[in-house]
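>>> Have a look at this fold, sequence not included:
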């Protein structure tokens, strides 16, 4: 359907793509990272056998309705919104990096859907913060990052609870090793 030079894409069409970030490519801009959900494939997954389940087919409309319901029912708690705000202040002060409005919107959408699917709110925050925020440390001075990594891990423990953010801390340590 072409209308005035634009193409209408139905809401049941999603675009999935890949990009490599290695020595053979140019640096990926922050804008690209902010608009994507990153999957690091740097570790081999543990094999598992999924239980047999009955196939469920839902329409794009049903999916959108379920995500809207989850966003209403499982909104990010005030406590965790405050924690995110404090983490943002810490990262600005110590690393000169910040969350943007786009990432905050993604957090407000991702966490409720994750919880609605049976996950825990802190697990969802750990996952999205590791992928969206902690990866921004890649742009830091390597010497500074090595010196500041443990302080950031300690801050995460203080803010969210001891060992509540394993993905974030693992990403920090991976960046620290590679720095």
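The structure has been received and is ready for your questions. Source: prediction; values computed, not measured.
>>> drop to CA atoms for contacts and neighbour counts, all remaining ones
Noted.
>>> Now do the strands in this structure.
With strands called from DSSP state E, the chain shows them at 2-3, 6-7.
>>> Averaging pLDDT over each of those strands, report the lowest-scoring one.
Least confidently modelled of the strands of the chain is strand 2-3, at a mean of 59 by mean pLDDT.
>>> so who does the residue nearest in space to the middle of the chain touch?
Most central in the chain under CA atoms, centre = their mean is residue 128, positioned 2.1 Å from the mean C-alpha point. The contact partners of residue 128, taken as CA atoms under 8 Å, 6 or more residues apart in numbering, are 107, 110.
>>> Repeat that for the one 3 residues further on.
Listed by CA under 8 Å, 6+ apart, the contact set of residue 131 reads 37-39.
>>> for those residues, which one is nearest residue 106?
Nearest to residue 106, judged by CA to CA, of the contacts of residue 131 is residue 37 at 9.6 Å.
>>> Near that closest one, how many other residues are there?
Around residue 37 there are 12 other residues, counting by other CA atoms under 10 Å.
>>> Which stretches in the chain count as helices?
In the chain, the helices defined using DSSP state H lie at 30-35, 60-73, 78-95, 101-116, 121-132, 142-160, 166-178.
>>> buried residues in the shortest one?
Buried residues in helix 30-35, counting neighbours by 16 or more other CA atoms under 10 Å, are found at 33-34.
>>> ok, now the last one?
The neighbour-count criterion (16+ other CA under 10 Å) identifies 166-169, 171-173, 175-176 as the buried residues of helix 166-178.
>>> Next one: the nearest residue to residue 28 once chain neighbours are set aside from residue 64, what distance?
Once flanking residues are discounted, residue 28 sits nearest to residue 21: 7.0 Å by CA to CA, 6 or more residues apart in numbering. According to CA to CA, to the nearest Å, residue 21 stands 32 Å off from residue 64.
>>> ok, the two, which is more surrounded?
Using other CA under 10 Å, the more surrounded residue of residue 21 and residue 64 is residue 64, with 14 against 11.
>>> For the more buried one, give me the pLDDT.
Reading off the confidence values, residue 64 has pLDDT 92.
>>> so what pLDDT did residue 153 get?
Looking at residue 153, its pLDDT stands at 96.
>>> Excluding sequence neighbours, find me the nearest residue to it.
Using CA to CA, 6+ apart, the closest residue to residue 153 is residue 169 (5.8 Å).
>>> Surely that neighbour touches residue 155?
No. Contact between residue 169 and residue 155 fails when scored by CA atoms under 8 Å: they sit 10.4 Å apart.
>>> picking that back up, could you check how far the residue nearest to residue 28 is from residue 144?
In terms of CA to CA, residue 21 sits 22 Å off from residue 144.
>>> The closest residue to residue 114 other than its chain neighbours: how many residues sit nearby?
Distances taken as CA to CA, 6+ apart put residue 124 closest to residue 114, at 6.1 Å, once the chain neighbours are dropped. Using other CA under 10 Å, residue 124 has 19 neighbouring residues.
>>> No further questions, thank you.
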